[in-house]
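Asks: Sequence unavailable; structure follows:
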């Protein structure tokens, strides 16, 4: 299977989407789930929900600004170069990210969380966060910033309105 066909949404793979909008929504859920798996698979559903909130907060800010540098949709935000390291082709887990299937329990959880997030069923426990990092590092952008939440092994920040 080539890399492009692996990115076709895995939900309902025996039933073709009835419209391009439905296909796009399934692709959005799949890419969000892969991002959650790549960024927070060790954090359980709560940690994955928190990362999903960051992505949705970025999309919401882009809507309010009629566009933003990190992208305007879930797909664009997730795959913006160097924003979520799991999508960096140099990342050692990138090939795993592309090839992961629902047989992986963490990816199955990511799919459930992504679907709920896209449908608007997740409460923002990050209090509007647009950025986060693990407890193990302190990126330059976080120095002097006040965190909005700590969830699992991640610290969250709102760095724009």
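Replies: Cool, the structure landed. Computed from a predicted structure; not experimentally measured. Residues are numbered from 1 along each chain as shown.
Asks: Can you show me the strands along this protein?
Replies: Assigned by DSSP state E, the chain shows strands spanning 131-134, 149-151, 154-157.
Asks: most neighbours per residue, which of these?
Replies: strand 154-157 (a mean of 22; mean count of other CB atoms under 10 Å). Quick note: C-beta positions are derived from backbone N, CA and C, even for glycine.
Asks: What are the contacting residues of that one?
Replies: 40, 43, 47, 50-51, 54, 126-127, 129-135, 142, 145-150 (CB atoms under 8 Å, 6 or more residues apart in numbering).
Asks: Which PyMOL command selects the buried ones in those?
Replies: This is how PyMOL selects the buried members of those, with burial counted by 16 or more other CB atoms under 10 Å:
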select buried, resi 40+43+47+50+51+54+126+129+130+131+132+133+142+147+148+149
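Asks: How many residues are close by residue 97?
Replies: 20 (other CB atoms under 10 Å).
Asks: Could I get the contacting residues of it?
Replies: So residue 97 contacts 34, 37-38, 86-87, 91 (CB under 8 Å, 6+ apart).
Asks: now, among the residues you listed, which is nearest to residue 65?
Replies: Among those, residue 87 lies closest to residue 65 (CB to CB), at 22.8 Å.
Asks: What distance do you get for the residue lying closest to residue 71 once chain neighbours are set aside to residue 44?
Replies: Nearest non-adjacent residue to residue 71, counting by CB to CB, 6 or more residues apart in numbering: residue 77, 4.2 Å away. To residue 44, residue 77 is 22 Å away according to CB to CB, to the nearest Å.
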